[in-house]
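> give me a model of this one.
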Amino acid sequence: MDEYDYDENDRGNYIDYGDLSEEKRKALYEEFLKAYPEEKRLSRMFRFAPIAFAVLVVAFVIASVVLYFASGIDIPLIVMMGLTFLSLLAFIIFKIRLDKIRLAHSGRYAAWLRDVKHVIAELKEK
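Next comes the predicted model:
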């Protein structure tokens with residue numbers, strides 16, 4: 001028997017994480033966040049940082065439209081459009097870095113699910 005077969009048979013007593021109810025998954029994730037405060041800060045950042053960037057971009061776009069109607073195509077409008085472009089570029093760079101951080105966060109959560117004994121016991125089918 002090769003290693004893969006042994007691994008499958010060894011985990012036969014456990015249900016898959018995807019088979020858990022949404023409430024159970026949320027409860028496990030909340031327990032993970034309570035155990036590691038730095039992960040909780042990351043979780044908040046995943047939620048609120050993209051919203052903050054979206055608000056910033058929308059504010060620059062609205063300011064650009066107001067400047068266009070107030071003074072036409074002038075230096076302030078060009079500056080505001082440049083700031084809009086720079087904020088979009090910063091958001092793209094931030095999103096790429098955020099995805100890398102989110103991947104590492106997910107890996108730590110998966111390791112926590114696998115390694116913490118009481119969480120493994122909750123995943124038993126019995």
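> can you give me the strands for this structure?
Listed in chain order, the strands of the chain (DSSP state E) amount to none at all.
> in it, where's the longest helix?
Ranked by residue count and defined by DSSP state H, the top helix of the chain is helix 75-115.
> packing partners of it?
If contacts are counted by 3 or more C-beta pairs under 8 Å, 6 or more residues apart in numbering; DSSP states H and E, helix 75-115 sits against helix 22-35, helix 37-71, helix 117-122. C-beta coordinates here come from the backbone N, C-alpha and C atoms, glycine included.
> rank those helices by pLDDT, which is bottom?
Here the lowest mean pLDDT among the helices and strands packed on helix 75-115 goes to helix 117-122, at a mean of 62.
> follow-up on the earlier one: reformat the helices and strands packed on helix 75-115 as TSV; add mean neighbour count and distance to residue 105.
Output for those, formatted as TSV (neighbours: other C-beta atoms under 10 Å; distance: least, C-beta to C-beta, whole Å):
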stretch	mean neighbour count	distance to residue 105
helix 22-35	13	10
helix 37-71	13	5
helix 117-122	11	17
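> so which of those comes closest to residue 100?
helix 37-71 (11.8 Å; C-beta to C-beta).
> quick one: that closest one to helix 75-115, angle?
160 degrees (axes from the mean of the first three to the mean of the last three C-alpha atoms, to 10 degrees).
> packing partners of helix 37-71?
helix 22-35, helix 75-115.
> for residue 93, give me its contacts.
By C-beta atoms under 8 Å, 6 or more residues apart in numbering, residue 93 lies in contact with nothing.
> on the pLDDT front, check residue 96 for me.
For residue 96, pLDDT reads 90.
> so which residue is dead centre in the chain?
residue 46 (4.1 Å; C-alpha atoms, centre = their mean).
> leaving out the residues flanking it, which one is nearest to that one?
residue 102 (5.9 Å; C-beta to C-beta, 6 or more residues apart in numbering).
> ok, back up a step: of all the helices and strands packed on helix 75-115, which one is nearest residue 85?
That would be, of these and by C-beta to C-beta, helix 37-71, which comes in at 8.8 Å.
> centre of the chain to the closest one, how far?
16 Å (C-alpha atoms, centre = their mean, to the nearest Å).
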